[in-house]
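# Following is a predicted model, sequence given first.
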Amino acid sequence: MEQLSVQTSEKQKEYLISCANVNKWFGKLHVLKDVTLDVKKGEVLVILGPSGSGKSTFIRTINGLEEIQQGEITIDGINLSHDVKDIEKIRKETGMVFQQFNLFPHMTVMKNITLAPIWVRKKPKAEAEKLALELLKRVGIPEQADKYPGQLSGGQQQRVAIARALAMQPEIMLFDEPTSALDPEMIKEVLDVMKELAKSGMTMLCVTHEMGFAREVADRIVLFDQGEIVETGTPEELFDNPKNERTKLFLSQIL
Amino acid sequence: MDLNTEVKTELAPTSPPGVKLGLGTWLRKKLFNNWYNSILTLVSILVIYFMTKGIVTWLLTEADWAVVTDNFKLFMVGQYPLEYLWRVWLSLVFVSLLFGLSAGVWKGTILHLSSVLVIVMVIHTLVPFTSTNTKLWLVGCIVCVIGGYLAGPKLPKQKPFVLLGWFISFPVILFIINGYGILPKVSTNVWGGLLLTLILSIVAIVGSIPIGILLALGRTSKLPIIKYFCVIYIETIRGVPLITIFFMSIFMFPLFLPQGLTINNVVSAMIGATLFTAAYMAENVRGGLQSIPNGQREAGRALGLNPVQLMYFIIMPQALRAVIPAIVGQSISMFKDTSLVTIVGLMDLLGIAQSVKSNPDYLGSIMEVYLYVAVIYWMIAYSMSYGSQRLEKNLGVGKR
């Protein structure tokens, strides 16, 4: 037991996220097949793949929004088991940004951002609000603090969602197709925020279809197809010199 | 060329072109545009004419409002003893003050409702049939509404203060009216008229909302015992007519109580009405819970909120807001359904109407009695409906 925890902590130094042989089924459908993946601290990992390939499901297993049936996921030394306490701990460490923003429509932007810091992190309200304003400045919309999400454009809403996730001061940020529901002219403003975040050294997992973003920002790209990892590599390796046939096929369809 | 375009843009109409019809054209176009519409129009005019004529003649010449004026006290409070009537008045003064304060603090809807209240009270002060005593109390109430309206904005911490007032108003009023032995007790059995109708419906509405929320949460619970208890409760109650519940709670339930323990009829009716409405409220709330997109839950969970926080901050506020119309509809319906207690022998507003009209002194004044009662029901029900419509609008701020 003692030894095991030492081992975990040593592994943790190297890898912030460590997934081993993750398997998941929806009913009889095998959506994740033996996924093994480790992510270092500060690494920006982009997950590509055709739709239905399990990439969104995978990213959602990392903060326990989807349960896995087999395998092991360890985040920052905490094992993502069925223990509710552990899952809540992990959720404090991971921020998530959704395709549909999922802001709380009945709260102002400020309340959206400060809710979790106040009630989960137990921060004093004044401190949480100060942090929220800083984050809003960071994502470029400090003047929107008192508006309701419904009064903002899609791009602004997604930037608020990023600020909301950052307000928990997470170790890891998960992005689940953050620009897929946006109008084309708003995609850039969200990607710019994400690029800035990547440069600041945040550990990021992004599911996206933005190839330009992937090429520019990713340290490593993972290609999913039919629930398994087909190929892993740096953007150069993957885009310019793909080895796997399925990667080639996917790239030919999308580029 | 350039100039031309600019001029054109400036002259372009900013509103859609509307055609104003003259009266004659309007009539011809809307009411007499072909032969069957013309016949329909003529028939309608005849029907409206005869109805209006009948109603106006009856109101002006035949109606004898003595039945209402003579029994005014009965309609309002039933058999409530005269010597303790000041307690009802005191409660009314208290409520008037709260209405006034709220009107001053919030303006808007509650100001409209308070104005209606004042108008009704002024009318009752001016009509000749009310006693001097009544008039004095009514003037007191009116002064309270107006005074509250003026004083409201000057209070420190106005909103929490007034809300607290409303919150304690119900137990305080029940205490004043009942006495519970501290003041001389006035048994619920002699409560009647509008007083009983109001108290019965307020107990049922106020009590059923929290129970309904709990039942709705229980029904969505993952624990089978809780879930099935709630499902069975809701479905049983919804499958039984309200009047049956009243019969059971008043006549059957006491049979099962241990000897010596008795519950009086009004309390039984209150419990019955509350439990009945709770089942419907639960279904309304459940509808609201289901209308919240799953993304909201996921976002809350991803932020690390625990299930209670998730429910309290994210799901419940949105769910309840979505079902305000349904909840108010249920409340209005409960308010009107309290009239069923007449059948089990309680003297609510309708019960009094029944007994007054069978009094031989007032033979033949059924119309006046029922019209009066109907107007009272309508005014209160419509106020609730109006309030809810405005509330919805005001809460619509953050709607997506």
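Looks like it came in fine.
# Going by neighbour count, which residues of the longest helix anywhere in chain B are buried?
Determined from DSSP state H, the single longest helix within chain B is helix B:366-395. Residues B:E368, B:V369, B:L371, B:Y372, B:V373, B:I376, B:Y377, B:I380, B:S383, B:M384, B:S388, B:L391 are the ones in helix B:366-395 that count as buried (16 or more other CB atoms under 10 Å in any protein chain shown). C-beta: built from backbone N, CA, C; applies to glycine.
# I'd assumed B:G345 was in a helix, is it?
No: looking at B:G345 with DSSP: H, G, I helix; E, B strand; the rest coil, it is coil, so not inside a helix.
# how near is it to A:S252?
Look at B:G345 and A:S252: by CB to CB, to the nearest Å, they are 84 Å apart.
# neighbour count winner among those two?
Set side by side, B:G345 and A:S252 show more neighbours around B:G345, with 12 against 9, by other CB atoms under 10 Å in any protein chain shown.
# I'd say the more buried one and B:S268 touch.
No: with contact defined as CB atoms under 8 Å, B:G345 does not reach B:S268; the gap is 11.3 Å.
# what residues are shared contacts of these two?
Common contact partners of B:G345 and B:S268 (CB atoms under 8 Å, 6 or more residues apart in numbering or on different chains): B:I250.
# Apart from its chain neighbours, what residue comes closest to B:S365?
Nearest residue to B:S365, sequence neighbours excluded (CB to CB, 6 or more residues apart in numbering or on different chains): B:V67, at 4.1 Å.
# tell me the mean pLDDT for the longest helix of chain B?
Computed over helix B:366-395, the mean pLDDT rounds to 87.
# roughly how far is that helix from the heart of the chain?
Its chain's C-alpha centre and that of helix B:366-395 lie 7 Å apart, by CA atoms, centre = their mean, to the nearest Å.
# Apart from its neighbours in sequence, what residue is nearest B:L310?
B:G300 (4.3 Å).
# how many neighbours does B:F251 have?
13.
# what does the one 4 residues further on give?
Applying the criterion other CB under 10 Å, we find 6 residues in the vicinity of B:L255.
# List the buried residues of the host helix or strand of it.
According to DSSP states H and E, B:L255 maps onto helix B:253-256. By neighbour count with 16+ other CB under 10 Å, helix B:253-256 contains no buried residues.
# what sits up against that helix?
So helix B:253-256 is contacted by B:T262, B:I263, B:S268 (CB under 8 Å, 6+ apart).
# Quick check: the gap between the last one and chain A.
Note on B:S268: its distance to chain A, by CB to the nearest CB, to the nearest Å, is 39 Å.
# Now the residue nearest the centre of chain A. Nearest residue, chain neighbours left out?
Central residue of chain A (CA atoms, centre = their mean): A:L174, 0.8 Å from the mean position. Leaving out its chain neighbours, the residue that sits closest to A:L174 by CB to CB, 6+ apart is A:M96, at 4.5 Å.
# Return the distance of whatever helix or strand the one you found lives in from the chain's centre.
A:M96 is part of strand A:94-97, with elements assigned from DSSP H and E. Averaging C-alpha positions (CA atoms, centre = their mean) puts strand A:94-97 5 Å from its chain's average.
# which helices and strands does whatever helix or strand comes next after that strand pack with?
Counting by DSSP H and E, the next helix or strand C-terminal to strand A:94-97 is helix A:109-119. The contact analysis (3 or more CB pairs under 8 Å, 6 or more residues apart in numbering or on different chains; DSSP states H and E) places helix A:109-119 against helix A:125-138, helix A:154-166.
# Helix A:109-119 vs helix A:125-138, what angle?
Put simply, helix A:109-119 runs at 130 degrees to helix A:125-138, going by axes from the mean of the first three to the mean of the last three CA atoms, to 10 degrees.
# what's in contact with helix A:109-119?
A:103-104, A:107, A:123-125, A:128-129, A:131-132, A:135-136, A:144-149, A:152, A:160, A:163-164, A:167-168, B:303-305, B:309, B:313.
# For the stretch 151-255 of chain A, what lies in contact range of chain B?
A:R164, A:A165, A:M168 (CB under 8 Å from any CB of the partner chain).
# Turn those residues into a markdown table, columns for distance to B:S115, pLDDT and neighbour count.
Converted to a markdown table, those look like this (distance: CB to CB, whole Å; pLDDT from 0 to 100; neighbours: other CB atoms under 10 Å in any protein chain shown):
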| residue | distance to B:S115 | pLDDT | neighbour count |
| --- | --- | --- | --- |
| A:R164 | 43 | 95 | 29 |
| A:A165 | 49 | 95 | 24 |
| A:M168 | 49 | 93 | 23 |
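# what secondary structure does B:T236 sit in?
helix.
# and it, how many residues sit next to it?
Neighbour count for B:T236, taken as other CB under 10 Å: 10.
# what pLDDT does residue 41 get?
In the absence of a named chain, chain A is used. Reading off the model, A:K41 has pLDDT 91.
# wrong one, I was asking about chain B
90.
# Tell me the predicted confidence for the residue nearest to A:L174.
Note for A:M96: predicted pLDDT of 95.
# next one: A:M1
Confidence for A:M1, expressed as pLDDT, is 42.
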